[in-house]
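Chemist: Give me a model of this one.
(one chain, ligands or ions: 2)
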Amino acid sequence: MPALPTPSVTPPDVIRAAYAELIVSDIAASRAFYVGVLGLVVTYEDDDTLYLRAFEEYLHHSLILRRGPVPALAALAYRVRSAGELDAAVAYYEQLGVRVERRAAGATRGVGEAVRIEDPLGFPIEFFYDSEHVERFTRRYDVQGAGAISRLDHFNIVTPDVPAARDYYEGLGFRVSEDIKDDEDVVYAAWMHRKATVHDVALTGGDGPRMHHIAFATHERSQILHLCDHLGALRQSDRIERGPGRHGVSNAFYLYLLDPDGHRIEIYTHDYYTGDPDNPVVTWDVHDNQRRDWWGNPVVPSWYANASTVLDLDGEPVALTHRTEARESEVTIGADGFSYTRKNDAELGFKLGSQV
Ligand SMILES: O=C1C=CC(S(=O)(=O)O)=CC1(O)O
Ligand SMILES: [Fe+2]
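Modeler: Ligands and ions are numbered 1, 2, ... in the order given. Okay, here's the model as predicted:
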């Protein structure tokens, strides 16, 4: 990615990852998954759209599903600290020289004035503050199922140049909590936060821009296990792509699901606090086979290979830029790949690179 200009104005004050807008092909099938299985609460729905939220959320939605011809990501939205930060967003991104659009209140149901951009990484990003408050279901145990999801936690995006993406997000005031590198300092992935958890956005090295997943948090592992049992009971176990398991990075207990259009949704127990300014960065060796699964279980190849198309602000698919640096799946799974459990235990600590 070409070097970005350094704006002379301050960036918008981002609080957190707040909502995603996904294009889906069949609203009824999506409703059966996101409401029927995941148990998300319907704030508003019509024939073409679903506005959903999780149980601890009081803003109008954290997920919009909109029926359309091409399953894709239409927007990732960050909440900013006040409505005044929208002017800062316009000024900052105009100096970055990217496409900037102001949106009137109500352009998105339940959201006030907003700013949408095509960010330097090629993603459709929204900044907003005002959003309609709706009932918070935190204590509504009468309607929460055994798999209750508490809130949206993060976005994971696929981008070819992770260091350049990291620099861009550091310009927005995000800080790195964890990353994956090799001995030649190639960066394969990075996790960056504004709220005091491991990440609001994860940068996954690969052909991009593509959306790798959006993640919702639960409080307990049992809720994640119930979702697996629920899918089994529906004979939809093929929606389980990876996990359940324990992450190395973030230390969260995790599950990756595929929705009816193949969009990846992670369900993730709360990770750890990162709010102090001297929070130490955790750097993992790309050959450490406990980095992505603390128990050393292999990462299924589809998790590295597949991700959702991203749309521009006109709703057109964004062309991909190919990653030129080494790909994680090639250095840890392919024929030349290898990984270790104990780095200096050449006898017992290595797994064959042919692990699935
Ligand atoms: O949220 C995450 C936390 C950790 C991991 S990893 O697979 O443990 O690297 C992946 C992830 O980005 O989905
Ligand atoms: Fe994730």
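Chemist: Which pLDDT value belongs to the residue in the stretch 51-200 of the chain that ligand 2 sits nearest to?
Modeler: Residue of the stretch 51-200 of the chain nearest ligand 2, by CB to the ion: Asn156 (4.7 Å). All C-beta spots, glycine's among them, are computed from the backbone N, C-alpha and C. Looking at Asn156, its pLDDT reads 99.
Chemist: for this structure, which spans come out with low pLDDT?
Modeler: The model of the chain has pLDDT under 70 over residues 333-337, 346, 348-356.
Chemist: tell me the domain ranges of it?
Modeler: 14-128, 151-353 (automatic domain parsing).
Chemist: Would you map the helices across the stretch 201-350 of the chain?
Modeler: Counting by DSSP state H, counting those that start in this stretch, the stretch 201-350 of the chain has these helices, from start to end: 221-233, 301-305, 328-332.
Chemist: Which one of these lies nearest to Asp167?
Modeler: Each of these was scored for nearness to Asp167 using CB to CB, and the closest is helix 328-332 (20.1 Å).
Chemist: other SSEs contacting that closest one?
Modeler: The contact analysis (3 or more CB pairs under 8 Å, 6 or more residues apart in numbering; DSSP states H and E) places helix 328-332 against helix 301-305.
Chemist: Run through the neighbouring helices and strands of the helix it packs on.
Modeler: strand 240-246, helix 328-332.
Chemist: I'd like these laid out as TSV, including distance to Leu152.
Modeler: What follows is the helices and strands packed on helix 301-305, written out as TSV (distance: least, CB to CB, whole Å):
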stretch	distance to Leu152
strand 240-246	18
helix 328-332	25
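Chemist: State the number of residues packed around the closest residue to ligand 1 within the stretch 251-356 of the chain.
Modeler: Here the residue of the stretch 251-356 of the chain nearest ligand 1 is Arg292; by CB to the nearest ligand atom that distance is 3.3 Å. Using other CB atoms under 10 Å, Arg292 is surrounded by 26 other residues.
Chemist: show me the residues around it that make contact.
Modeler: When contacts are counted by CB atoms under 8 Å, 6 or more residues apart in numbering, Arg292 touches 247-249, 299.
Chemist: Swap in 10 Å and give it another go.
Modeler: 180, 189, 242, 245, 247-250, 254, 284, 286, 298-299, 303-304, 328, 332, 339 (CB atoms under 10 Å, 6 or more residues apart in numbering).
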